[in-house]
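S.K.: Sequence and computational prediction follow.
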Amino acid sequence: VFLRHFSTSIKRTMSAPAAAAPAAAAAIKPVKAVKKATKGKKGKKITKKYVIDCSQPVEQRIFDVAAFEKFLHDRVKVEGKTNNLSGKVSINREAAKILFNSSAATSKRYLKYLTKKFLKKNNLRDYLRVVASTPTTYILKFFSINEEEAGEQ
């Protein structure tokens, strides 16, 4: 039975037209997508501006904005490296606010992470929280302990 099947398959391949073989082989080859490079036009540089408002803890004199600014300068990573600000990121201080301008890919959530890290380092995490007030602004606020105590009594 095997030989009969084998011999008939050989006859079919030999009797098949020669034009059908290259078409079948072309159907088997994978087709790769080619991306065309756009010439001349470059995308606009996106500059992201974020603000961290530290006015409440500064008024109570428990928060040092200068130390926080230095902490951000030391810890912010650009392209996977610290101390690599190199004109892509600028961190400035205006009174009790930190202004963070970035032309590199930086998320607002990363700033929240660094702010929480600074608060934990200075043992302020138990008293302050980081709240988003606008899409580009974080505010450091005190936990409202008085309202919680009034609710329990």
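M.R.: Sure, I can see it.
S.K.: Mind giving me the packing neighbours of the host helix or strand of Leu114?
M.R.: In the assignment (DSSP states H and E), Leu114 maps to helix 108-121. Contacts defined by 3 or more C-beta pairs under 8 Å, 6 or more residues apart in numbering; DSSP states H and E place helix 108-121 against strand 48-53, helix 65-75, strand 128-134, strand 137-142. C-betas here are computed from N, CA, C, even on glycine.
S.K.: Need the residues that contact the first one.
M.R.: Taking contacts as C-beta atoms under 8 Å, 6 or more residues apart in numbering, the residues outside strand 48-53 that touch it are 68, 96-103, 106, 108, 111, 115, 133, 136-140.
S.K.: The same query, at a cut-off of 7 Å, please.
M.R.: Under the criterion C-beta atoms under 7 Å, 6 or more residues apart in numbering, residues 96-102, 106, 108, 111, 115, 136-140 lie in contact with strand 48-53.
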